[in-house]
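Colleague: need a 3D model of the sequence below.
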Amino acid sequence: MNIYHSIEDFNKLDYAVVTSGTFDGVHVGHQTILSRLKEVAKKYGGETVLITYWPHPRLVLYPEQTDLKLLNTFEEKADLLKKQGIDHLLRIPFTKDFAKTTSEQFIRNLLVNRIGTKKLVIGYDHRFGKNREGSFEHLKKNSSKYGFDVEEISRQDVDNVAVSSTKIRNALTEGEVSTAAHLLGNPYLLQGRVVKGEKLGRMIGFPTANIEIEFRHKLIPADGAYAVFVEYEGRMYKGMLNIGFRPTVSGLNRSIEVHIIDFDKEIYGETLSIQFVDRIRPETKFEDIEALKKQLQADKTLAIDILNK
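Modeller: Prediction:
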């Protein structure tokens, strides 16, 4: 998959099959659109192009919404789209100036002149351009003028999938990571850098990697213990992960710590990719360290059982 970080980097294609949107999560609803995109491209010998916007438009237009949480960083989104088999990913830097682009300018300058769109596939009720003025009806009415066909994924198809980024965010906020995985079509993903912690886990026989998430708008699932897969240097390991304040040891700050099973390497500064499979239990304050150790051993046994399935 080719990735472009500005419009100027993109070279016009002979037959571009295009869609656009934020595609946060690249969930199964989005995958309905992407499947159709690839189907059309294969039929006509074209190439698929996905236009997305970064930063997320709401972060630019409504900066006071500091509580906005997203399912993906741009890098995570790009990885997911690559796995979906998209040929070209065009990232448009979203600014307040770009938000003033009219639908006519968007169509003429970007879709037609820059990309070479021959087929546009959009989701139900998709809007674009200044004040979301562009619509499927306008595109359909003027398709001959623009020189490309437009197709809308029907409301029925979207409703049959019964999934939205909001549903996924709500599931993750409740710790229901298995439900989120079902709606996403993949386990929920966290990528972060390993930083030094207090090494309390090592002292009780469960060394952990402390994960720092640099993107502050990334949605972190509810506090608790989880069964996870951990990817490091292209290899997948089983793990159990805790999110929370570690009340048994009087933790002061919310942390993300993962115990990687059958793993013994110093990986400070390295990046780990974590896939959430299921929640084991909510975060709990235990009577003492011995009770915590006993519970961690039970968590490990349960995590291995879940991940083996």
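Colleague: helix or strand for residue 89, just tell me which one.
Modeller: Secondary structure assignment for residue 89, by DSSP states H and E: strand 88-93.
Colleague: again with residue 42
Modeller: helix 28-44.
Colleague: can you check residue 82 too?
Modeller: helix 74-83.
Colleague: other SSEs contacting that helix?
Modeller: Packed against helix 74-83 by the contact rule (3 or more Cβ pairs under 8 Å, 6 or more residues apart in numbering; DSSP states H and E) you find strand 47-54, strand 88-93, strand 188-195. Backbone N, C-alpha and C define where each C-beta goes, glycine included.
Colleague: could you rerun that using 10 Å?
Modeller: Counting contacts by 3 or more Cβ pairs under 10 Å, 6 or more residues apart in numbering; DSSP states H and E, the secondary-structure elements packed against helix 74-83 are strand 2-4, helix 28-44, strand 47-54, strand 88-93, strand 188-195, strand 271-281.
Colleague: out of these, nearest to residue 226?
Modeller: Residue 226 lies closest, by Cβ to Cβ, to one member of the helices and strands packed on helix 74-83: strand 271-281, at 5.4 Å.
Colleague: tell me what angle the closest one forms with helix 74-83.
Modeller: 90 degrees (axes from the mean of the first three to the mean of the last three Cα atoms, to 10 degrees).
Colleague: mind listing what strand 271-281 pairs with, with the direction of each?
Modeller: Partners of strand 271-281 in the sheet, by DSSP bridges, are strand 188-195 (antiparallel), strand 224-232 (antiparallel).
Colleague: looking at these, which is buried most?
Modeller: Most buried of the strands paired with strand 271-281 by mean neighbour count (mean count of other Cβ atoms under 10 Å) is strand 224-232; its value is a mean of 22.
Colleague: low-scoring stretches of the stretch 101-250 of the chain, by residue?
Modeller: Low-confidence segments of the stretch 101-250 of the chain (pLDDT under 70): 124-136, 154-162, 198-204, 247-250.
Colleague: returning to that earlier point: and the helices and strands packed on helix 74-83 as JSON lines, adding distance to residue 105?
Modeller: As requested, those are exported to JSON lines (distance: least, Cβ to Cβ, whole Å):
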{"stretch": "strand 2-4", "distance to residue 105": "19"}
{"stretch": "helix 28-44", "distance to residue 105": "23"}
{"stretch": "strand 47-54", "distance to residue 105": "14"}
{"stretch": "strand 88-93", "distance to residue 105": "13"}
{"stretch": "strand 188-195", "distance to residue 105": "35"}
{"stretch": "strand 271-281", "distance to residue 105": "38"}
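Colleague: of all those, which lies closest to residue 206?
Modeller: strand 271-281 (13.6 Å).
Colleague: tabulate the CA atom coordinates of the closest one in CSV.
Modeller: Below are the C-alpha coordinates for strand 271-281, written out as CSV (Å, rounded to 0.1, in the frame of the first residue of the first chain):
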residue,chain,number,x,y,z
THR,A,271,7.4,-0.4,20.8
LEU,A,272,4.9,-3.1,21.5
SER,A,273,1.6,-3.8,19.7
ILE,A,274,-1.1,-5.2,22.0
GLN,A,275,-4.3,-7.0,20.9
PHE,A,276,-7.1,-7.2,23.5
VAL,A,277,-8.8,-10.6,23.5
ASP,A,278,-10.9,-10.7,26.6
ARG,A,279,-11.3,-9.1,30.1
ILE,A,280,-10.4,-11.3,33.0
ARG,A,281,-11.7,-9.2,35.9
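Colleague: list the buried ones in it?
Modeller: 272, 274, 275, 276, 277, 278, 279, 280 (16 or more other Cβ atoms under 10 Å).
Colleague: tell me which helix or strand comes right after it.
Modeller: Heading C-terminal from strand 271-281 (DSSP H and E), you reach helix 289-308.
Colleague: hey, C-alpha coordinates of that next one in CSV?
Modeller: Output in CSV follows, covering the C-alpha atoms of helix 289-308 (Å, rounded to 0.1, in the frame of the first residue of the first chain):
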residue,chain,number,x,y,z
ILE,A,289,0.8,-8.7,48.4
GLU,A,290,0.4,-12.5,48.9
ALA,A,291,-3.2,-12.3,48.0
LEU,A,292,-2.3,-10.3,44.9
LYS,A,293,0.4,-12.9,43.9
LYS,A,294,-2.2,-15.7,44.3
GLN,A,295,-4.7,-13.8,42.1
LEU,A,296,-2.0,-13.0,39.4
GLN,A,297,-1.2,-16.7,39.1
ALA,A,298,-4.9,-17.5,38.6
ASP,A,299,-5.1,-14.6,36.1
LYS,A,300,-2.1,-16.1,34.2
THR,A,301,-3.7,-19.5,34.1
LEU,A,302,-7.0,-18.1,32.8
ALA,A,303,-5.3,-15.8,30.3
ILE,A,304,-3.4,-18.8,28.8
ASP,A,305,-6.6,-20.7,28.6
ILE,A,306,-8.4,-17.9,26.8
LEU,A,307,-5.6,-17.2,24.4
ASN,A,308,-5.2,-20.9,23.6
